[in-house]
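K.L.:
have a look at this fold, sequence not included:
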Ligand SMILES: Cc1cc2nc3c(=O)[nH]c(=O)nc-3n(C[C@H](O)[C@H](O)[C@H](O)COP(=O)(O)O)c2cc1C
Ligand SMILES: C=C(O[C@@H]1CC(C(=O)O)=C[C@@H](OP(=O)(O)O)[C@H]1O)C(=O)O
């Protein structure tokens with residue numbers, strides 16, 4: 001079963017991941033991975049750090065001449081900002097602590113609880129790892145998984161549908177999103193709302209404030225029957241929810257019509273099942289977002305996430321110095337004031353890890369050619385049950 005671990009501090013030397021369980025003989029295009037990293041760094045509302053970093057993945061092992069060899073894959077992304085932080089962040093040797101010490105906890109960040117839990121007088125020891133800098137390496141892992149999933153033509157896209165008080169009203173087709181989303185500064189495909197979102201972020205920044213929002217991830221061509229109803233940890237939706245909720249700042253998730261489902265009657269919601277000779281078994285709606293009973297239905301997977309506003313504010317909130325217990329304003333070094341577009345890229349890629357894991361669980365994980373044979377056999381069997389391959 002594919003799995004990974006990450007390590008790295010926000011201003012440390014490097015971010016690393018070890019991905020274990022990737023099948024052999026998969027061709028990797030490193031440009032695709034770097035392209036995802038580049039997308040994650042963009043978005044109106046990002047702070048000065050993104051002007052310093054130019055994220056590129058380094059593949060250290062587990063791949064020979066662009067082809068995976070089945071052994072663990074070690075990857076890294078170097079932090080360019082480390083040059084400016086060496087004196088404070090070097091793992092070994094004398095470092096300067098006092099001048100970069102953080103003691104005034106930021107409400108909404110991991111600062112206060114992290115310092116108490118791990119017994120630190122310096123919140124830097126918390127913020128270095130709790131920072132969403134870590135999402136860069138998770139995107140690289142997900143992008144590697146996207147390379148695997150491209151064999152089955154499984155595609156991902158995401159777009160921002162709400163920032164601040166404005167929310168996109170139209171529903172967009174997968175093809176329209178994938179074609180237009182990267183042209184937008186806020187990953188919004190609706191031109192009217194794109195302008196509103198930019199303006200909302202600009203105004204919040206002017207007021208020393210921050211914003212959150214909502215984005216949608218769409219996944220196409222996942223075959224029917226990935227995931228299972230038999231056990232809680234085998235459900236596709238529960239696994240996607242775990243990964244998505246682990247992204248810094250994400251506070252809610254919904255599949256398909258999501259929270260609206262609570263207000264609708266059953267007859268308006270369930271995706272009715274039809275059969276015709278030309279189409280085989282099919283649905284006319286996808287209100288449940290492509291998952292029933294923890295399994296993919298073969299329809300597009302549609303999942304939305306809400307991100308809370310960024311906790312670090314340029315007009316800092318009330319807080320307390322964790323060592324002196326005096327009332328102060330919270331700390332600020334540097335910050336994004338909106339990172340919803342970046343989070344949508346992270347979300348796509350963490351979903352790619354989950355889909356890859358489930359594809360491997362169903363079709364095997366030793367080598368690409370066995371996996372493809374198993375996949376074809378499965379689709380062939382389903383044909384005899386009235387299911388036509390919709391890929
Ligand atoms: C891509 C991305 C960038 C972020 N940038 C910042 C930032 O610049 N400043 C900040 O305070 N929080 C930022 N956050 C959010 C915090 O990391 C997050 O709120 C914090 O770790 C606490 O976790 P929680 O909100 O999930 O409880 C960012 C999150 C993401 C996904
Ligand atoms: C570094 C990234 O995001 C960072 C996430 C982050 C946080 O608190 O989560 C705080 C900021 O860090 P810094 O103080 O170094 O500017 C962001 O820039 C990144 O996304 O690559």
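P.N.:
That came through fine. Worth saying up front: this structure is predicted, and the values here are computed from it rather than measured. Ligands and ions are numbered 1, 2, ... in the order given.
K.L.:
secondary structure element for the residue nearest in space to the middle of the chain?
P.N.:
Taking CA atoms, centre = their mean, the centroid of the chain lies closest to residue 347, which sits 2.1 Å from it. Applying DSSP states H and E as the criterion places residue 347 in helix 340-363.
K.L.:
and the following helix or strand past that helix, what does it pack against?
P.N.:
The C-terminal neighbour of helix 340-363 among helices and strands, as given by DSSP H and E, is helix 368-383. The helices and strands touching helix 368-383, judged by 3 or more CB pairs under 8 Å, 6 or more residues apart in numbering; DSSP states H and E, are helix 340-363. In this view, the C-beta of every residue, glycine as well, is placed from N, C-alpha and C.
K.L.:
okay, buried residues for the helix it packs on please.
P.N.:
Neighbour-count burial for helix 340-363 flags 340-360, 362-363 (criterion: 16 or more other CB atoms under 10 Å).
K.L.:
go on, stretch 33-52?
P.N.:
Of all the residues in stretch 33-52, those buried under the rule 16+ other CB under 10 Å are 33-34, 36-47, 49-50.
K.L.:
now it: mean pLDDT?
P.N.:
In this model, stretch 33-52 has a mean pLDDT of 97.
K.L.:
cool, and stretch 134-152?
P.N.:
For stretch 134-152, mean pLDDT rounds to 98.
K.L.:
that one vs ligand 2: in contact?
P.N.:
Yes - counting by CB under 6 Å from any ligand atom, ligand 2 has neighbours in stretch 134-152: residue 136.
K.L.:
distance from that stretch to the middle of the chain?
P.N.:
Taking the mean of its C-alpha atoms, stretch 134-152 sits 10 Å from the chain's own mean (CA atoms, centre = their mean, to the nearest Å).
K.L.:
and the angle from the helix holding residue 347 to helix 368-383?
P.N.:
80 degrees (axes from the mean of the first three to the mean of the last three CA atoms, to 10 degrees).
K.L.:
now for helix 340-363, which elements pack on it?
P.N.:
Packed against helix 340-363 by the contact rule (3+ CB pairs under 8 Å, 6+ apart) you find helix 30-41, helix 135-149, strand 155-163, strand 213-220, helix 236-245, strand 301-307, helix 368-383.
K.L.:
let me see the contact set for the residue located most distally from the centre of the chain.
P.N.:
For the chain, the residue at maximal distance from the C-alpha centroid (CA atoms, centre = their mean) is residue 277, at 39.0 Å. For residue 277, the contact set (CB atoms under 8 Å, 6 or more residues apart in numbering) is empty.
K.L.:
so what pLDDT did it get?
P.N.:
With respect to pLDDT, residue 277 has a value of 94.
K.L.:
hang on, the earlier thing: let me know the closest of the buried residues of stretch 33-52 to residue 158.
P.N.:
Of all the buried residues of stretch 33-52, residue 39 has the smallest distance to residue 158: 9.6 Å, by CB to CB.
K.L.:
who in the stretch 101-250 of the chain is up against ligand 1?
P.N.:
Contact residues (CB under 6 Å from any ligand atom) of the stretch 101-250 of the chain with ligand 1: 108, 109, 110, 130, 131, 132, 135, 247, 248, 249.
K.L.:
by neighbours, which of those residues wins?
P.N.:
In terms of neighbours by other CB atoms under 10 Å, those top out with residue 135 at 25 neighbours.
K.L.:
element containing the closest residue to residue 283 other than its chain neighbours?
P.N.:
Leaving aside its chain neighbours, residue 283 sits nearest to residue 271 (4.4 Å; criterion: CB to CB, 6 or more residues apart in numbering). Following DSSP H and E, there is no helix or strand that holds residue 271.
K.L.:
what is the neighbour count of residue 271?
P.N.:
Using other CB under 10 Å, residue 271 is surrounded by 17 other residues.
K.L.:
please apply the same query to residue 329.
P.N.:
A count of nearby residues for residue 329, using other CB under 10 Å, gives 13.
K.L.:
residues contacting it?
P.N.:
Applying CB under 8 Å, 6+ apart to residue 329 gives the contacts 104, 316, 317, 318, 319.
K.L.:
try residue 300
P.N.:
Contact analysis of residue 300 by CB under 8 Å, 6+ apart lists 174, 218, 219, 220, 286, 289, 290.
K.L.:
ok, so of those residues, who is nearest residue 126?
P.N.:
Taking the contacts of residue 300 together and measuring to residue 126 by CB to CB, the closest member is residue 219, at 33.7 Å.
K.L.:
wait, the closest one touches residue 158, no?
P.N.:
No - Residue 219 lies out of contact with residue 158 (CB atoms under 8 Å); the separation is 9.5 Å.
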